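**Q** Just need the structure, nothing else, for what follows:
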Amino acid sequence: MLMALSASDLPTIYSLLANSMSGDESIRKPAELALAQCEARPGFCSCLMEVITAKDLISQVDVRLLASVYFKNSINRYWRNRRDSLGISNEEKAHLRQKLLSHLREENYQIAVMLAVLISKIARIDYPKEWAELFSVLAQQLQSADVLSSHRIFLTLFRTLKELSTKRLASDQRKFAEISSHLFEYSWHLWQSDIQTILHAFSTLPQNINSNALEKQQDELCLKCERWLLGSKIIRQLVIFGFASDAKSVQEVRPVKEISPLFLNAIQSFLPYYSSFRNRHPKFWDFIKSAYPEPDILSFEQFMIQCMVMVKSVLECKEYKPSLTGRVIDENGLTLEQMKKNISSVAGNVLTSLMPRERIVFLCEVLIRRYFVLTPSDLEEWYQNPEAFHHEQDMVQWTEKLRPCAEALYIVLFENHSELLGPIVLSILQDATNGCPTLVTEITPGLLLKDAAYGAAAYVYYELSNYLSFKTWFDGALSHDLSNDHPNMRIIHRKVALILGQWVSEIKEDTKRPVYCSLIKLLQDKDLSVSLAACRSLCLHIEDANFSEREFIDLLPLCWESCFQLIEEVQEFDSKVQVLNLISILIGRINEVIPFASKLVQFFEKFWEESSGESLLQIQLLIAFKNFVVALGYQSPICYNILLPILHKGIDINSPDHLNLLEDSMLLWEATLSHAPSMVSQLLAYFPCLVEIMERSFDHLQVAVGIMEDYIILGGMEFLSVHASRVAKILDLIVGNVNDRGLLSTFPVIDILIQCFPMEVPPLISSTLQKLTVICLSGGDDHDPSKAAVKASSAAILARILVMNTSYLAHLTAEPSLSLLLQSSGVPIAENILLSLVDIWLDKADSVSSIQRKTYALALSSILKLRLPQVLDKLDQILSVCTSEILGGNNDIVEEESRSDGEDTILSKQFRRRQIKLSDPIKKLSLEASVRENLRTCSALYGESFNSAIGRMHPAALAQLRQALNML
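**A** Next comes the predicted model:
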């Protein structure tokens with residue numbers, strides 16, 4: 001046990017904190033190490049608290065601040081009770097909580113913030129069970145606090161409420177509502193008092209500060225301003241998280257109605273002081289700026305963005321929209337749903353009065369004609385760097401720039417009023433098209449409006465398709481636009497590329513080929529912004545469910561060349577990823593990859609070398625390479641020279657980039673094995689990497705299981721002879737350490753191993769088989785389907801061993817180590833473990849698959865020939881299972897086989913797996929012959945006892961047995 005720190009250790013802790021900030025590494029490093037060793041010791045946080053609050057250390061702000069950081073880290077690591085550490089004792093916790101609340105009046109702002117953070121972190125864990133008095137103490141201190149103390153208490157309240165408001169359990173939310181009901185009134189009254197004080201003080205501020213008294217008064221006023229701002233944030237938290245939404249409660253939320261007008265009045269009251277304070281009173285100017293959502297309130301663009309965001313939020317609010325459900329009225333009057341509908345109706349009427357039809361049309365026109373139009377600065381940015389311009393337009397957050405924000409508002413506006421706005425947008429599109437001839441060469445207002453109108457038509461393709469035929473539009477306008485190759489037409493060409501991608505679902509068969517040709521032409525455009533837009537739209541077409549490979553196939557050579565050329569030209573990381581994504585999608589979708597294999601191999605080799613150190617880019621390459629391997633199928637060895645070194649780097653956990661590349665490298669590994677015509681030495685040598693991966697974590701279990709199955713199916717005895725111990729190690733790691741889903745995905749691998757190597761494998765995986773026996777004999781599966789499935793599959797594996805390697809299972813169940821394992825797992829040990837397994841097979845026989853049921857039946861038949869006299873007590877049940885399987889089971893197995901028949905090629909993994917299944921001895925063995933022979937053996941072993949057991953069988957069951965064995 002670690003020795004506790006005490007008051008006598010305070011000088012040492014202080015010295016370590018001071019030394020850990022030294023610029024001399026020889027002093028700093030030992031101090032940091034010593035502090036790290038102290039963290040887990042009892043009393044460490046108490047020592048830190050003394051350093052933070054010591055009066056003689058008030059001037060040592062840096063040391064106190066560092067102490068508070070260590071305190072915060074200790075809360076995160078040791079405050080909760082954990083099994084792997086002693087943590088902080090309850091007595092020390094109580095002391096720290098009391099100490100924190102008694103030192104709220106901290107003069108240094110940075111440390112005051114840290115103390116508030118400390119209280120909030122502890123409150124998240126301890127409130128209300130261990131710290132029920134927290135808010136009552138804060139409220140009590142607030143009653144008699146001076147301005148500084150009340151500011152610090154509000155700071156603490158804000159941090160604590162912010163922390164507690166993020167807890168999502170229903171009990172936590174109820175507690176927060178209770179806090180809100182107690183704190184709201186006081187906080188709100190103080191807020192109103194402060195705003196009056198602040199506004200009065202602002203109106204009487206002198207032009208210049210000439211005395212210390214005035215300066216002190218203004219410092220106090222600054223604190224009140226900050227307290228008011230904290231109060232505003234606290235009230236917001238209390239209202240939003242502490243009071244039920246009116247949409248749920250169907251009741252008026254009084255605080256919202258009460259505070260909203262006063263909040264708006266307060267903001268309006270501060271506006272006159274904004275410009276006057278800028279030069280004369282910078283402290284108060286900073287305060288007024290912080291009181292607004294956007295600090296730069298003079299920016300008209302930011303103001304417009306805020307307005308658009310608000311309008312969009314109102315239009316999207318589902319509570320303001322009429323409900324589509326029917327009206328239901330019960331005997332007691334209006335239902336809750338009807339009340340909600342009534343409120344929604346009232347809100348909807350208000351919205352309609354604010355936005356009548358003519359205003360909606362006007363807003364739509366303004367958005368398109370004013371805010372969609374590219375500005376001179378946009379055009380300059382495009383001219384200077386087309387690639388960067390494309391990505392900024394494509395990836396910028398819609399709330400950050402005016403045009404993307406206008407586009408987002410327009411889409412919502414159109415979705416809400418498509419019938420009204422459809423003809424309007426179509427009219428704007430026609431006007432813009434007529435006002436800008438196809439052969440234009442200058443960047444005119446008409447051309448920029450046409451670009452804006454094309455964008456408007458692209459964004460709402462689904463609704464606009466009711467008013468506009470794509471074929472007519474393409475043939476009559478878009479294709480003509482593309483025939484003009486003047487450099488200034490890049491503006492229209494880029495928007496045409498966008499349209500061709502957005503309208504993909506509306507493009508019919510007779511228009512697909514000209515659209516494909518147009519996109520490939522745009523992919524070759526000299527302007528990178530245009531070619532990248534075409535690249536994205538081509539991806540949408542190739543991924544489309546109605547993609548026509550027949551119309552595209554002869555365009556492939558040009559498409560490949562264009563992709564390879566484009567990826568050479570682009571410089572931005574995002575551009576390379578975008579082009580690589582198109583290449584990957586092409587490989588995955590097009591069947592004719594072989595003719596282009598050599599060029600693709602050269603591309604992968606060159607690009608992999610160039611992307612060294614760019615792990616995100618290499619991830620995209622791995623995805624594309626996996627698609628390439630799948631497309632090559634059993635000709636994939638033609639790329640092994642480049643594939644195998646890349647694969648080995650990705651699956652090597654000692655590689656610097658393994659954390660980023662491992663997941664996609666494992667998928668590539670699985671694809672490589674699945675499509676390999678035969679095992680090669682390099683792939684065989686990679687298997688130890690799988691052991692290292694599984695030893696580290698089970699994050700990639702599903703893929704790892706698939707890889708192991710591939711090795712077994714592809715490598716056979718050659719693989720097992722080299723890696724048998726590693727296979728056993730992986731299985732032993734998995735079984736007993738993963739959940740039921742993980743076990744169920746692993747069992748088929750164990751089953752195939754035993755099926756293919758019934759004599760060799762069971763002794764190798766004895767530890768795993770013992771764990772499966774424990775699973776079988778454990779309870780707890782009665783009401784848990786996944787546990788029942790795990791038990792049934794485990795029992796089937798053990799049953800297979802009994803059928804195919806009878807002596808080994810008898811040996812396994814007699815092992816003393818198995819008895820010890822069962823005992824340590826809390827499983828009652830029966831006199832004979834094998835007989836306990838018989839009970840499991842009998843119990844589960846009616847709830848398993850047909851092949852598992854036959855395996856059970858064969859195992860139960862085999863048990864008859866072993867020298868286990870107790871088996872006669874279960875003879876009628878054993879024979880009942882066997883009879884049912886003989887009379888009805890074979891048909892099920894035949895159906896399973898017919899369902900698994902497919903068009904797999906002779907070298908495919910599916911074909912090999914199916915061949916293994918078809919050659920399964922369980923399927924080939926005759927259960928009828930097995931039962932007949934084993935009954936004779938059983939009769940010979942037990943004589944009269946056997947006859948007595950047969951005699952006790954029900955006549956009907958005996959008749960069925962005779963029928964099944966053709967003994968009538």
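
**Q** Now the nearest residue to L965 once chain neighbours are set aside: which helix or strand?
**A** Take L965 and drop its neighbours on the chain: the residue closest to it by CB to CB, 6 or more residues apart in numbering is R932, 5.2 Å away. No exception for glycine: its C-beta is placed from N, CA and C like everyone else's. Secondary structure from DSSP states H and E places R932 in helix 927-942.

**Q** For burial, what's the neighbour tally of the residue nearest to L965?
**A** The tally of other residues near R932 (other CB atoms under 10 Å) stands at 15.

**Q** ok, so what distance separates it from K791?
**A** Between R932 and K791 the distance is 30 Å, computed by CB to CB, to the nearest Å.

**Q** Same question for Y410.
**A** To K791, Y410 is 59 Å away according to CB to CB.

**Q** coming back round to it: what comes up buried for the helix holding R932?
**A** Judged by neighbour count using 16 or more other CB atoms under 10 Å, the buried positions of helix 927-942 are 927-928, 930-931, 934-935, 938-939, 941-942.

**Q** Repeat that for stretch 654-671.
**A** For stretch 654-671, the neighbour count (16+ other CB under 10 Å) marks 657-658, 660-662, 664-671 as buried.

**Q** Please look at L448 and I491 and confirm they touch.
**A** Yes: with contact defined as CB atoms under 8 Å, L448 reaches I491; the gap is 7.3 Å.

**Q** Identify the contacts common to these two.
**A** Residues touching both L448 and I491 by CB atoms under 8 Å, 6 or more residues apart in numbering: L374.

**Q** Lowest mean pLDDT among the helices and strands of this protein, which one is it?
**A** strand 329-330 (a mean of 48; mean pLDDT, DSSP states H and E).

**Q** my read is L157 is in a strand, agree?
**A** No: with DSSP: H, G, I helix; E, B strand; the rest coil as the criterion, L157 is located in helix rather than a strand.

**Q** Just give the number of residues close to it.
**A** The tally of other residues near L157 (other CB under 10 Å) stands at 27.

**Q** Flag the shaky bits of the stretch 151-300 of the chain, pLDDT-wise.
**A** Along the stretch 151-300 of the chain, the parts satisfying pLDDT under 70 run over 206-215, 274-283, 285-299.

**Q** quick one on the thing from earlier: and the residue nearest to L965, how far is that from E944?
**A** When CB to CB is applied, the distance between R932 and E944 equals 20 Å.

**Q** now L500
**A** L500 sits 88 Å away from E944, taking CB to CB as the criterion.

**Q** higher neighbour count, these two?
**A** With other CB under 10 Å as the criterion, L500 and E944 differ in neighbour count, and L500 comes out ahead with 26 against 8.

**Q** Just the element for that one, please.
**A** L500 belongs to helix 490-502 when assigned by DSSP H and E.

**Q** next one: that helix to chain centre, how far?
**A** 32 Å (CA atoms, centre = their mean, to the nearest Å).

**Q** Counting by contacts, list what that helix packs against.
**A** For helix 490-502, the packing partners by 3 or more CB pairs under 8 Å, 6 or more residues apart in numbering; DSSP states H and E come out as helix 445-459, helix 479-483, helix 509-523, helix 528-543.
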